[in-house]
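[1] Sequence first, then the predicted structure, then my questions.
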Amino acid sequence: MTDLYEGLDFELMAECTLLAEAASPEDAITPLRKALAGTQVLLVQTRIAHWNVTGSDFTQLHELFKGQYEELQDSLDEIAERLRACGGVVAPTLGGLIADSPVADLRSTQADDTGEPSSAKDYVGWLLVGHQALSELWRLLGADCDAGTADLAGRRQAAHDKAAWMLRSTLGEQSKPSDTPTEQPAGADDNGSENEVV
């Protein structure tokens, strides 16, 4: 019979245990609830923008918003399942979701007299603020959580950064380093310029 403990690095195991205790899944419950609620609110806002946008850029923005709300919709189940795996529960009411959401109703800053966005540019700005808020939440969550949540946080932050970059680009604004996608096209060098692929 072989020794079951032969070859095990007990010091490494002790270090891993300490790290696991420092960032437990339970620590992620409140931020995950906020992220799920914010994603729900941003999804509804994006659908509203998709339905209500008008103007010369209608077709482009209608399709852009559709792609963004589909991506948000696809992410909800994974976020909710991670929240449940960490021991949390989803807010059982719409009021609870809205209260948990870091994504605000921005009617007061970009609106006409009715309190609603009045132009395509307003809708783009409305959604941009929501994606920036969720990107920051995921960035903070990913920096101080368990490995499973950190993986999800990195992917969600990247998705919100890409959406923010696309929205900012439709406004003709420069991208910020924090929301520029990190993936480079095949054949791109470190400066992002295209190289010929042979």
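    Right, received. Where do you want to start? Owing to the predicted nature of the structure, the values given are computational and were not obtained by experimental measurement. Numbering: from 1, shown residues only.

[2] Go through the longest helix seen in the chain and flag the buried ones.
    For the chain, the longest helix by residue count, based on DSSP state H, is helix 58-85. Going by neighbour count (16 or more other Cβ atoms under 10 Å), the buried part of helix 58-85 is Leu61, His62, Leu64, Phe65, Gln68, Tyr69, Leu72, Ser75, Ile79, Ala80, Arg82, Leu83. For the C-beta atoms, the positions are set from N, CA and C on the backbone; glycine is no exception.

[3] Asp144 against Ser24, yeah?
    No. Counting by Cβ atoms under 8 Å, Asp144 stays clear of Ser24, with 11.1 Å between them.

[4] mind checking how far the longest helix of the chain is from the chain centre?
    Centre-to-centre, helix 58-85 and its host chain are 9 Å apart (Cα atoms, centre = their mean, to the nearest Å).

[5] Counting by contacts, list what it packs against.
    helix 29-52, helix 120-143, helix 147-170 (3 or more Cβ pairs under 8 Å, 6 or more residues apart in numbering; DSSP states H and E).

[6] Could you export the last one as PDB, keeping only the C-alpha atoms?
    I take that to be helix 147-170. Below are the C-alpha coordinates for helix 147-170, written out as PDB (Å, rounded to 0.1, in the frame of the first residue of the first chain):
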ATOM      1  CA  ALA A 147     -11.400  32.300  -9.000                       C
ATOM      2  CA  GLY A 148     -14.800  31.200 -10.400                       C
ATOM      3  CA  THR A 149     -16.300  34.700 -10.000                       C
ATOM      4  CA  ALA A 150     -13.100  36.300 -11.200                       C
ATOM      5  CA  ASP A 151     -13.300  34.400 -14.500                       C
ATOM      6  CA  LEU A 152     -16.900  35.600 -15.000                       C
ATOM      7  CA  ALA A 153     -16.000  39.100 -13.900                       C
ATOM      8  CA  GLY A 154     -13.200  39.300 -16.500                       C
ATOM      9  CA  ARG A 155     -15.500  38.200 -19.300                       C
ATOM     10  CA  ARG A 156     -18.300  40.500 -18.300                       C
ATOM     11  CA  GLN A 157     -16.000  43.500 -17.900                       C
ATOM     12  CA  ALA A 158     -14.600  42.900 -21.400                       C
ATOM     13  CA  ALA A 159     -18.100  42.700 -22.900                       C
ATOM     14  CA  HIS A 160     -19.100  46.000 -21.200                       C
ATOM     15  CA  ASP A 161     -15.900  47.600 -22.300                       C
ATOM     16  CA  LYS A 162     -16.500  46.500 -25.900                       C
ATOM     17  CA  ALA A 163     -20.100  47.800 -25.800                       C
ATOM     18  CA  ALA A 164     -18.900  51.200 -24.300                       C
ATOM     19  CA  TRP A 165     -16.200  51.500 -27.000                       C
ATOM     20  CA  MET A 166     -18.800  50.800 -29.800                       C
ATOM     21  CA  LEU A 167     -21.200  53.300 -28.300                       C
ATOM     22  CA  ARG A 168     -18.500  56.000 -27.800                       C
ATOM     23  CA  SER A 169     -17.400  55.400 -31.400                       C
ATOM     24  CA  THR A 170     -20.900  56.100 -32.700                       C
END
